[in-house]
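Student: I need the structure of the sequence given here:
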Amino acid sequence: MPKGPATSLNRAVAAALAAGAAGTAVVMGTRAYRSGSSTPVGDFGAAPSPETIGAQYAQPAADQLSELITYRTVYSSSRDQIELEQFTGFIDALERLYPAVHSALSREFVNGHALLFKWAGTRADAGAKPVVLMAHYDVVPVDARDDWTHPGFSGIQDGEYVWGRGALDDKGAVVVILAAIESLLDQGFTPAHDIYLSFGNNEETAGDSAVAAATLLNERGVQPWMVLDEGGAVAEKAFPGLSVPAAVIGVAEKGILELEMLTRSAGGHASTPPRMGATARLAQAIMALEENPFPSSMPAPIVEMLRRIGSHSSFALRLVTANMWAFKPLVKQAFSMVGDETRALTRTTVAITQLEGSKASNVLASTARATANIRIAVGETVTGVVQAVRDIIDDPSVELTVLSGHNPSPISGFDSEQFELLTRCVAASYPQAMVTPYVQTGATDSRNFTGICPAVYRFSPLLMDDVDRASLHAVNEKVRISSLGAGVVFYRELIQGLR
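Tutor: Just a heads-up that it's a prediction; the model follows:
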């Protein structure tokens, strides 16, 4: 699960405001005034405390998650490195922890250890508007050298948090989905429309289980009305100037390109190096990419995100966000200057992640190799980015090979029935939060479902502050117990809201 939006927004807006002071001040001021939220920031009247919402579900969900964290479900491209008994043990635990789910829903295995459940709806046309709820139960490894407060696969509770790998990414989502359905089944509830649960086993390695699940549904003629996977969250302290949590719902995600850059030369003894050998030309190509970043853009979801943030913030911020017709070029420029996270939101990024040269310190490299991890901005393509890299490097001797790649996802609507339903579910589970679309900078399994569904969203109903978000894929991953209860409320509201 990628981190939330940038934490340097105020500086970006301040730079844009200073640079764009010229304009029609009266018109801009009027638009800024009218864009303010009708609910004052931080004043929610009789809204219940977040800790009390779903309190009856919180501790049972925490206990279930604590056990599920103990299974080391770390996937690997090398099958001999996978502890298969950990995956089968996890699946067996699900059956024991959620007996009603396994009794009422059909379950099948996809691509080995991925799971696909079906909860049949009651309407005569139950298959006309099916919904797919997604999560993955594989996790990234825990480095034994890291200093965890509690062991990474312990699932220890301290009264406030459940600790361990997968608490946020993404076993917590598996738990709140299943706990919501289990509680509804206990009440005798059956959905109006078919609901599918797709739980992946190899998301963290960009595996093929989600592809297999989407292909299987497509072959059966299932065309989901909505797909909901991990991605955004209810983020605290994500936007300076915003005093309420932001429920950021990913309506699109950037593409990914793994690009190999290779140079060749004669090699030989290091005592007689040539000018511009393989390593020097590779270094030159890397520096060209470093010094010539891709141009920035401001896709519609980011513009809308800024508008919504501004409507809950100060008048100065609203002056910019309500008048993006005037400030968009300046905000783009400011975003590119302020910080890494803001830059990633608005442009294609290039990160050189692997380098390889000679095998010995006194031998010239006959080949030098680098791998570029490129995150493709919405509106661009793999083909276009590869050509842009060629143009930036401007050296035909540098060989470029696409190792893997996929285009950015289409943008799902944020003025749609589906987005409105998600907004109502957030209001039920986190009434203090504002809801906004955004573009996700990382990849999720849900990208494989965009070919069979036009409404794919990325959101986990779990509350995270900046420290919590920093623990994703890192040390001391943990989730708030109260947030698990609210997450159950979110999914109960979602399932009952399907009419």
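
Student: CA atoms for contacts and neighbours, from now on please.
Tutor: Fine.

Student: Let me know the pLDDT of Ala19.
Tutor: As predicted, Ala19 sits at a pLDDT of 52.

Student: swap that for Ser243, sorry
Tutor: If you check Ser243, the pLDDT there is 82.

Student: and what of the one 4 residues further on?
Tutor: Turning to Ala247, the model gives it a pLDDT of 97.

Student: So Ser297 sits against Lys332, correct?
Tutor: Yes - Ser297 lies in contact with Lys332 (Cα atoms under 8 Å); the separation is 6.6 Å.

Student: what sits in contact with each of the two?
Tutor: Shared contacts of Ser297 and Lys332 (Cα atoms under 8 Å, 6 or more residues apart in numbering): Thr346.

Student: can you tell me which residues contact Gln64?
Tutor: 97, 175.

Student: got the CA coordinates for the helix or strand in which it is found in PDB?
Tutor: Using DSSP states H and E, the element containing Gln64 is helix 55-69. Coordinates of each C-alpha in helix 55-69 appear next as PDB, following Å, rounded to 0.1, in the frame of the first residue of the first chain:
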ATOM      1  CA  ALA A  55     -16.800  -0.600  19.000                       C
ATOM      2  CA  GLN A  56     -18.700  -3.900  19.200                       C
ATOM      3  CA  TYR A  57     -16.700  -5.200  16.200                       C
ATOM      4  CA  ALA A  58     -13.300  -3.800  17.100                       C
ATOM      5  CA  GLN A  59     -11.900  -6.300  19.600                       C
ATOM      6  CA  PRO A  60     -13.100  -9.400  17.900                       C
ATOM      7  CA  ALA A  61     -11.600  -8.200  14.600                       C
ATOM      8  CA  ALA A  62      -8.400  -7.400  16.400                       C
ATOM      9  CA  ASP A  63      -8.200 -10.900  17.900                       C
ATOM     10  CA  GLN A  64      -8.800 -12.400  14.400                       C
ATOM     11  CA  LEU A  65      -6.100 -10.200  12.900                       C
ATOM     12  CA  SER A  66      -3.600 -11.000  15.600                       C
ATOM     13  CA  GLU A  67      -3.900 -14.700  14.800                       C
ATOM     14  CA  LEU A  68      -3.700 -14.100  11.000                       C
ATOM     15  CA  ILE A  69      -0.600 -12.000  11.300                       C
END
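
Student: And that helix, what's buried?
Tutor: Within helix 55-69, the residues that count as buried by 16 or more other Cα atoms under 10 Å are 55, 57-69.

Student: quick one: contacts of the helix or strand following that helix?
Tutor: Where DSSP H and E defines the elements, the next helix or strand beyond helix 55-69 is helix 84-97. Contacts with helix 84-97, where a contact means Cα under 8 Å, 6+ apart, come from 64, 68, 71-73, 101-102, 113.

Student: repeat that for 10 Å
Tutor: For helix 84-97, contacts defined as Cα atoms under 10 Å, 6 or more residues apart in numbering pick out 61, 63-64, 67-75, 101-103, 113-115, 137-138, 174-175, 178-179, 182, 201.

Student: Emit the ChimeraX select command for whichever of the residues you listed are buried.
Tutor: Per 16+ other Cα under 10 Å, the buried members of the contacts of helix 84-97 correspond to this ChimeraX selection:
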select :61,63,64,67,68,69,70,71,72,73,74,75,101,102,113,114,115,137,138,174,175,178,179,182,201
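
Student: and the host helix or strand of Ala280, average pLDDT?
Tutor: Using DSSP H and E, Ala280 maps to helix 278-291. For helix 278-291, the mean pLDDT works out to 97.

Student: what comes up buried for that helix?
Tutor: 278-279, 281-283, 285-286, 288-289.

Student: any chance you could map the strands in the stretch 101-250 of the chain?
Tutor: Assignment of strands within the stretch 101-250 of the chain using DSSP state E, counting those that start in this stretch yields the ranges 106-110, 114-119, 131-136, 161-163, 195-200, 226-235, 246-253.

Student: For the second one, what is the distance to the chain centroid?
Tutor: It stands for strand 114-119. Relative to the chain's own centre, strand 114-119 is displaced by 22 Å; criterion: Cα atoms, centre = their mean, to the nearest Å.

Student: Please apply the same query to the third one.
Tutor: In this view, strand 131-136 has its centroid 14 Å away from the chain centroid, taken as Cα atoms, centre = their mean.
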